[in-house]
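>>> what shape does this take:
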Amino acid sequence: MAGPARVARRGWVLAALVAACGHPTGGPDAGGGCPCDAWSADARADARDDAAVDAPPPDGRPAVYGDIYAAMDQARLVTTLRELSGDLPVTVGGDTFAINERYSDTGREHFRRYWRAAFEGMGLAVRAIDYQDPSSARPGNDLEAVLPGKSPDSVVVIVHYDSIGPFGHETENPGTDDDMTGMAIMIETARLLLPYQGRLEHTVRFVAADEEELGGLAGARAYATQILAEAGAGGFALVAAVDDEQTGWNCMKENACGPVATWPSFDVFSCGDQYDFPAIGDHLEATVHAYATIGVERGCIGANSDHYAMWEIGVPSVVFTEHNPFGNPHFDQNGGDTFDKIDVDYFAAIARPAITFQAELIGIGEP
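Numbering: from 1, shown residues only. Here you go, the predicted structure:
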């Protein structure tokens, strides 16, 4: 997440689930190992077994979403995070390396190889979306993986993959929390949705966006421009977007939470500047309260992450983060964003309802 922030708190609100948010129909005008091993055919079978875990549906919600909530695998989530941030080496295409940073060309290429292998290992089509931002000396490189649904109308899950650090020492900061926690949640979301192919109401577009940390949201804006044009030409709607931001640092452990109405909690933003999409934020909050004990803090935020590029093209979007992310002393230019700063239980407590919410947003039909 880019900083510093413009954040305005709305306060803690228990919102009712807006029915239309669960199955949105509006488009842009609506207000330690190899990833290819980890997602092998055997792993897909394991995922189907995981998805069969029975969970009582709260508030009359379909049981399938309780199954998604129960199937979230904390150990796998944390292993994925460690691989993404260089704490564990990975092997892709016979090459073993650690993704220690994602600032240099080499670091960013290593990440893209891992990400492509992970999603292609799940059987998803992956494409590169290359662009040149006029303000950047280097080319930008986004990736998109598509999980088809019954409708081509699409939900976008977007997470930036680049990292930054102290000036002159950018390649020394692994950027674990910002934003490989969000990226690990994205990959776990795809893994949990995979057994429901053929039942998904909407197509899911997983996007790894470049050049968020350099300012200007170049990668997200390049993707937003391209997918909006493709939606218009292809006759499909962009129904919603979710930005999985940094979610692993526990502010309470460093006495850096600031005002908080309940604890533990995490932050949800669906408004900022001239943009306001309350229904999608309400939906996320209602899902959290239906399934989990963690609280939600609501607020508004500016152009600090990739959700903003989706707002700019009119797509209802929400971004969620750890509580008080801009109070985190270890991210961005501060450096020191390493795995040992992650509270894995807090991280998983956010991931479970966040993934469940994304499944609800996408929609899973009857077998």
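
>>> please, where are all the strands along the stretch 1-150 of the chain?
For the stretch 1-150 of the chain, applying DSSP state E, counting those that start in this stretch gives strands covering 7-11, 90-92, 95-97, 125-131, 140-147.

>>> ok, which of the ones you listed comes nearest residue 215?
strand 140-147 (12.8 Å; C-beta to C-beta). Glycine gets a C-beta too; all of them are placed from N, C-alpha and C.

>>> show me what that closest one is in contact with.
108, 112, 115-116, 119-120, 124-133, 190, 193-194, 197, 200, 203-211, 218-219, 222-223 (C-beta atoms under 8 Å, 6 or more residues apart in numbering).

>>> looking at those, which are in helices?
If you go by DSSP state H, the contacts of strand 140-147 have 108, 112, 115, 116, 119, 120, 190, 193, 218, 219, 222, 223 in helices.

>>> which two of those have the greatest separation?
Largest separation among the ones in helices among the contacts of strand 140-147 by C-beta to C-beta: 193 and 218, giving 28.3 Å.

>>> quick revisit: would you write a PyMOL line that selects the buried entries of the contacts of strand 140-147?
Here is the PyMOL command that picks out the buried ones among the contacts of strand 140-147, judged by 16 or more other C-beta atoms under 10 Å:
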select buried, resi 108+112+115+116+119+124+126+129+131+133+190+193+194+200+203+204+205+206+207+208+209+210+211+218+219+222+223
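
>>> circling back to that earlier point, out of the strands of the stretch 1-150 of the chain, name the one with the poorest average pLDDT.
Mean pLDDT values for the strands of the stretch 1-150 of the chain show the minimum at strand 7-11, a mean of 41.

>>> what angle separates the biggest strand by length in the chain from strand 140-147?
Longest strand in the chain by number of residues (criterion: DSSP state E): strand 151-160. On the basis of axes from the mean of the first three to the mean of the last three C-alpha atoms, to 10 degrees, strand 151-160 is oriented at 140 degrees to strand 140-147.

>>> any idea which residue is closest to the centre of this protein?
residue 244 (2.6 Å; C-alpha atoms, centre = their mean).

>>> tell me which element the residue lying closest to that one once chain neighbours are set aside falls in.
Spatial nearest neighbour of residue 244, chain neighbours left out: residue 182 (3.6 Å); criterion: C-beta to C-beta, 6 or more residues apart in numbering. Taking DSSP states H and E as the definition, one finds residue 182 inside helix 182-193.

>>> C-alpha coordinates for that helix, CSV please?
Only the C-alpha atoms of helix 182-193 are listed here, as CSV (Å, rounded to 0.1, in the frame of the first residue of the first chain):
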residue,chain,number,x,y,z
GLY,A,182,-2.8,-9.9,0.3
MET,A,183,-1.3,-12.0,-2.4
ALA,A,184,-1.3,-15.1,-0.2
ILE,A,185,-5.0,-14.5,0.4
MET,A,186,-5.6,-14.1,-3.3
ILE,A,187,-4.0,-17.5,-4.0
GLU,A,188,-5.9,-19.2,-1.2
THR,A,189,-9.1,-17.7,-2.6
ALA,A,190,-8.4,-19.2,-6.0
ARG,A,191,-7.6,-22.6,-4.4
LEU,A,192,-10.9,-22.6,-2.4
LEU,A,193,-13.0,-21.6,-5.4
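
>>> in that helix, which residues are buried?
For helix 182-193, by 16+ other C-beta under 10 Å, it's 182, 183, 184, 185, 186, 187, 188, 189, 190, 191, 192, 193.

>>> and stretch 250-265, by the same measure?
Using 16+ other C-beta under 10 Å as the test for burial, stretch 250-265 gives 250, 251, 257, 260, 264, 265.

>>> quick one: the helices in the stretch 251-367 of the chain?
278-291, 307-312, 344-362 (DSSP state H, counting those that start in this stretch).

>>> about what we covered before: the residue nearest to the centre of the chain reaches residue 187, doesn't it?
No. Contact between residue 244 and residue 187 fails when scored by C-beta atoms under 8 Å: they sit 10.0 Å apart.

>>> coming back round to it: deepest of the helices of the stretch 251-367 of the chain, which one?
Comparing those by mean neighbour count (mean count of other C-beta atoms under 10 Å), helix 307-312 ranks first with a mean of 25.

>>> name the helices or strands packed onto the longest strand of the chain?
With contacts defined as 3 or more C-beta pairs under 8 Å, 6 or more residues apart in numbering; DSSP states H and E, strand 151-160 has these neighbours: helix 182-193, strand 202-209, helix 218-234, strand 238-244, helix 307-312, helix 344-362.

>>> tilt between it and helix 344-362?
Going by the same axes, to 10 degrees, strand 151-160 makes 160 degrees with helix 344-362.

>>> report the buried residues of strand 151-160.
Residues of strand 151-160 classed as buried: 151, 153, 154, 155, 156, 157, 158, 159, 160 (neighbour count, 16+ other C-beta under 10 Å).

>>> name every strand pairing with that strand and say which way it goes.
strand 202-209 (parallel), strand 238-244 (parallel) (DSSP bridges).

>>> so for the shortest one, mean pLDDT?
Read it as strand 238-244. The model assigns strand 238-244 a mean pLDDT of 98.

>>> next one: stretch 102-122
98.

>>> what of stretch 193-207?
Average pLDDT, stretch 193-207: 98.

>>> now do it: distance from first to last residue.
Start to finish, the residues bounding stretch 193-207 are 16 Å apart (C-alpha to C-alpha, to the nearest Å).
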